[in-house]
Each structure stands twice: as C-alpha cells, then as structure tokens.
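Enquirer: Sequence first, then the predicted structure:
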Amino acid sequence: MSFIQLNEVKVHYPIRSGMLRRVTGQVKAVDGVSLAIEEGKTYGLVGESGCGKSSIGRAILGLNRLTSGSIHYEGTNLARLTGTNRHPLRRDIQMIFQDPYSSLNPKKRVLSLIAEPLRNFEKLTKQAEQERVATMLEQVGLNADDLYKYPHEFSGGQRQRIGIARCLMLNPRFIVADEPVSALDVSVQAQVLNFMKAIQTRFALTYLFISHDLGIVRHMCDHIGIMYNGRLVEAGTAADIYRNPQHIYTQRLIAAIPNSNPRQRHQQQIVRQAAAERYQAEYQHFFDANDQPHALQAISPTHFVALPQ
Ligand SMILES: Nc1ncnc2c1ncn2[C@@H]1O[C@H](COP(=O)(O)OP(=O)(O)OP(=O)(O)O)[C@@H](O)[C@H]1O
C-alpha cells in the first residue's frame with residue numbers, strides 16, 4: 001500500500017458564460033492521473049504553467065472536488081471523509097505556499113502567525129503556546145527573539161521558513177509544496193531547498209513538490225511525474241527521468257535546465273536546439289489530434305512513458 005495513491009484522478013472546472021452564467025464547457029485541468037507517493041520520500045510534479053499541477057495538490061488537500069477517480073491516504077479514500085471525519089487529516093496534510101510575501105498576514109506578529117493553525121486543534125495557555133513557537137523558530141533556524149517581529153522585518157528566505165514553521169506546528173506527515181521557492185532569489189532558493197531536505201528527515205515528512213522547473217527539483221525528488229495538459233507524459237525515479245528521459249516533452253524540459261557553468265553554455269545551446277527540433281519533428285507521434293499525450297506504458301518496473309501508439 002502506498003502512502004498516497006491517486007487513481008485516474010480527474011478535476012474538471014466548469015466554464016460559465018452569458019448573463020445566466022450557464023455551464024458551457026469544462027476545463028479539463030486534470031484528466032486521468034494515477035501516481036503513488038511513498039512515505040518519507042519526495043514526489044516531484046513538474047510541467048509548464050496551466051498543466052494541472054496545482055489542481056492535483058489542491059485535490060489532495062481536499063480543496064478541490066474530484067470529478068472522478070480516487071485519492072487514498074494510507075488506504076483511506078479521502079473523498080469518503082467529510083466534516084469531522086476529515087478533521088485528523090487536516091493536521092496530517094499541510095501545504096507550503098508559493099509566495100512567502102503574500103501568504104503571511106503583514107499585520108500579525110510571528111507569534112500569532114505561527115501559533116494560529118495550532119489554535120484550531122489544541123487549547124494551550126499563552127505561555128505554553130509561546131514556548132512551543134519559540135522552540136519551533138529555533139528548529140527552523142530563526143531566533144526565539146523573533147516572536148514579536150512582523151513579516152516585513154525578514155528576508156524572503158526567512159519568511160519562507162516562517163511559513164514552513166507555521167505548517168510544522170501541526171506535526172504534519174505529508175506536505176504539498178507548491179512552487180515553494182519560485183518567488184525567491186536564485187541565491188536563496190538552494191538554502192530553502194536544503195532546509196526542506198534537512199527537516200524532511202527530522203520531522204519524518206513526505207513531500208509532493210510542485211514545480212515548473214526540472215532544475216529545481218533535481219536534488220529534492222526521489223520520484224518525478226512530468227505533466228502536460230492534465231496528464232502525465234512520463235513518470236519514474238529521478239534517475240529514470242534525468243538519465244534516461246524518453247518523452248520528447250521531458251527531453252525538452254531537461255534541455256531547458258539552465259547550466260551554471262559558463263563554459264558549457266555553447267554546448268547547452270546545441271542540446272536545446274536539438275531537443276526543440278526533435279519536438280517539432282515528432283510532435284504528432286507523441287500527442288493525439290487533441291494535443292493529448294497517449295496512455296502511459298511501462299518501459300521498466302519503475303519507468304512509465306506516454307509513447308507513440
Ligand atoms: N477554479 C478554477 N476554475 C476554472 N479553471 C481553473 C480553476 N483553477 C484552475 N483552472 C484552470 O485549470 C488549468 C490548470 O490549472 P492549475 O493551476 O492546476 O495548473 P498549474 O500547472 O498548477 O499552473 P500554475 O503553475 O500556473 O499554477 C488552467 O487552465 C487553469 O486556468
């Protein structure tokens with residue numbers, strides 16, 4: 001049994017138009033995605049903007065209704081849980097937000113910001129709460145003296161740590177991290193990623209890491225799913241995806257990873273050009289007439305690819 005298991009998940013949003021706001025169509029944001037996330041591991045969901053990554057994250061968090069399919073958490077079908085039944089899971093499954101600038105209320109002090117989620121679950125005295133938050137601040141590499149500061153007094157990376165502390169207060173087991181570093185300066189991104197890796201072991205966390213950039217998830221993820229237009233085009237271990245990419249879309253994403261070594265820039269240009277040309281030439285074999293990838297096929301016990309049929 002997987003820790004988290006998605007089976008043929010579909011999330012379609014209604015398109016409404018006209019004076020009466022009638023439903024005139026659907027956006028098929030997620031259109032049949034199956035994947036398994038193992039406990040203690042990181043699953044990277046990667047694809048360009050609009051391919052449906054966040055809709056999957058939101059569905060696991062219970063913020064989106066499934067049009068069809070199922071999501072199981074340790075064998076329990078999340079769709080069957082409603083109201084108070086879902087309550088314990090609201091602690092276990094948490095989210096780290098993309099933008100540490102707008103996700104923290106600027107008018108609240110760090111103490112309230114971090115203690116707030118916990119207040120829904122535990123009644124602590126003011127002093128006990130303060131002690132818990134101070135300990136957490138130290139665990140995320142901030143200072144207990146920061147309790148009474150406001151978000152604007154921190155850098156972007158520190159704010160992301162505050163957001164992470166807020167989520168860790170609930171002792172979650174599974175975290176959906178939706179583009180957690182894309183709003184940060186490149187120089188700070190690696191620090192936050194290393195920090196997320198360090199707390200993963202310390203707090204026994206499992207991550208779903210959502211990103212548009214295969215470069216960012218490279219050192220984070222054990223398994224990766226590449227999404228295009230609401231479906232997976234390729235899925236496998238990190239080694240399967242980075243060392244042996246088979247789908248033309250995955251190959252293009254890999255070629256697009258910026259190379260930090262200036263001496264290899266020319267070589268990278270050539271690789272990028274070749275990937276773009278192969279994409280053009282083979283597009284019609286890899287996608288159907290509706291721009292949809294074909295069904296995934298296993299090419300090894302761990303590696304699945306939407307190969308031409
Ligand atoms: N509440 C909604 N109502 C209607 N359409 C929606 C809604 N939320 C998302 N969509 C559409 O569903 C598609 C997938 O969106 P989603 O946010 O899941 O993709 P994404 O890959 O996470 O993109 P991004 O990185 O830009 O957030 C997009 O076309 C988006 O416009």
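Expert: Happy to help now that I have it.
Enquirer: Those residues of the protein touching the ligand, which are they?
Expert: By C-beta under 6 Å from any ligand atom, the residues of the chain that approach the ligand are 13, 27, 29, 47, 49-55, 212. Every C-beta, even on glycine, is put in place using the N, C-alpha and C of the backbone.
Enquirer: So for the helix or strand where His72 lies, what gets flagged as buried?
Expert: His72 is part of strand 68-73, with elements assigned from DSSP states H and E. For strand 68-73, a neighbour-count test (16 or more other C-beta atoms under 10 Å) marks 69, 71-73 as buried.
Enquirer: what about Leu124, how many neighbours?
Expert: 15 (other C-beta atoms under 10 Å).
Enquirer: tell me what the longest helix seen in the chain is packed against?
Expert: Scanning the chain for the helix with the most residues, using DSSP state H, yields helix 265-286. With contacts defined as 3 or more C-beta pairs under 8 Å, 6 or more residues apart in numbering; DSSP states H and E, the packing partners of helix 265-286 are helix 248-255.
Enquirer: Can you name every helix or strand that the helix it packs on contacts?
Expert: strand 223-228, strand 231-237, helix 238-243, helix 265-286.
Enquirer: now the angle between helix 265-286 and it, please.
Expert: Helix 248-255 and helix 265-286 are oriented at 170 degrees to each other (axes from the mean of the first three to the mean of the last three C-alpha atoms, to 10 degrees).
Enquirer: Can you tell me how far Gly62 is from the ligand?
Expert: Using C-beta to the nearest ligand atom, to the nearest Å, Gly62 is found at 15 Å from the ligand.
Enquirer: So what touches the strand holding His72?
Expert: Applying C-beta atoms under 8 Å, 6 or more residues apart in numbering, the contact partners of strand 68-73 are 2-10, 32-34, 59-60, 77-79, 89, 92-93, 174.
Enquirer: try it again with 10 Å
Expert: Residues from elsewhere that reach strand 68-73 (C-beta atoms under 10 Å, 6 or more residues apart in numbering): 1-12, 30-34, 36-37, 56, 59-60, 62, 77-81, 89, 92-93, 173-174.
Enquirer: Equivalent analysis for stretch 265-280, please.
Expert: 245, 247-259, 261, 264, 286.
Enquirer: CA atoms only: put that stretch into CSV for me.
Expert: The C-alpha trace of stretch 265-280 is given here as CSV (Å, rounded to 0.1, in the frame of the first residue of the first chain):
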residue,chain,number,x,y,z
ARG,A,265,26.7,27.3,-22.4
HIS,A,266,27.5,26.8,-26.1
GLN,A,267,27.1,23.0,-25.7
GLN,A,268,23.8,23.6,-24.0
GLN,A,269,22.6,25.8,-26.8
ILE,A,270,23.2,22.9,-29.2
VAL,A,271,21.4,20.4,-26.9
ARG,A,272,18.4,22.8,-26.6
GLN,A,273,18.2,23.3,-30.3
ALA,A,274,18.3,19.5,-30.9
ALA,A,275,15.6,18.9,-28.3
ALA,A,276,13.4,21.7,-29.9
GLU,A,277,13.9,20.2,-33.4
ARG,A,278,13.1,16.7,-32.3
TYR,A,279,9.9,18.0,-30.5
GLN,A,280,8.8,19.7,-33.8
